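# turn this into a model:
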Amino acid sequence: MSVMESLRLWREADRALAEASRRYMRLNESDMRAIRMLMQVQKQGQIVTPRDIAVEVGISSASTTKLINRLVAAGHLVRAPYPKDQRSICISVTPETAQAARETIGRQHARRFDAAAAMSSDEREVVIRFLTALAEADEPQGDLTAQ
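A predicted model of the protein is given here:
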């Protein structure tokens, strides 16, 4: 029970930190997911279209348009013509938003890396096995997907 209680405490802390980040940047959950995806893809030098955002966030094209409009108006995203097809657009995160995300999320990840680095190699292997087993156990089964 202590392991599960510790896991519950970590999940609560993770949710609280995510909520604090959203409030700091004045964003909702879908906005944050879109911005995280955009930053990852931009790092790889790839172009993101509104359709890519819709797929990542799991929303309709109309909702994606509203999300993009809201984030452009707030100064988080910019639209530009798609390089190979001027009829289409690509979306990118503004440098200011990318910097704010790196500062807040970067500090969070650094603290997590510090916690992992403080463990021995054997301890990390045990944690990896445990978290992998949890991920496998939490895969939706027929009883959840049939509804």
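# from here on, just use CA atoms for contacts and neighbour counts.
Fine.
# which residues in this structure form strands?
With strands called from DSSP state E, the chain shows them at 77-82, 85-93.
# gap between the longest one and the chain center?
Right, the one you point to is strand 85-93. Using CA atoms, centre = their mean, to the nearest Å, the mean C-alpha position of strand 85-93 is found 22 Å from that of the whole chain.
# give me the neighbour count for M39.
Residues lying near M39 (other CA atoms under 10 Å) number 19.
# confidence score at it?
For M39, the model assigns a pLDDT of 92.
# one more: A54?
96.
# go on, the one 10 residues further on?
Looking at T64, its pLDDT reads 96.
# gap between the residue lying closest to it once chain neighbours are set aside and S63?
Distances taken as CA to CA, 6 or more residues apart in numbering put A54 closest to T64, at 5.6 Å, once the chain neighbours are dropped. As judged by CA to CA, to the nearest Å, A54 and S63 stand 8 Å apart.
# list the contacts for M25?
A100 (CA atoms under 8 Å, 6 or more residues apart in numbering).
# before we move on, the earlier item: turn the strands of the chain into a markdown table, including mean neighbour count and mean pLDDT.
Below are the strands of the chain laid out as a markdown table (neighbours: other CA atoms under 10 Å; pLDDT from 0 to 100):
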| stretch | mean neighbour count | mean pLDDT |
| --- | --- | --- |
| strand 77-82 | 15 | 94 |
| strand 85-93 | 15 | 89 |
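# and R36, which of the ones you listed is closest to it?
With respect to R36, and counting by CA to CA, the nearest of these is strand 85-93 at 9.3 Å.
# now R26: phi and psi?
Reported as degrees, to the nearest 10, the phi and psi values for R26 are phi 60, psi 50.
# burial check on it, number of neighbours?
12.
# measure it to S6 for me?
Distance from R26 to S6, by CA to CA: 30 Å.
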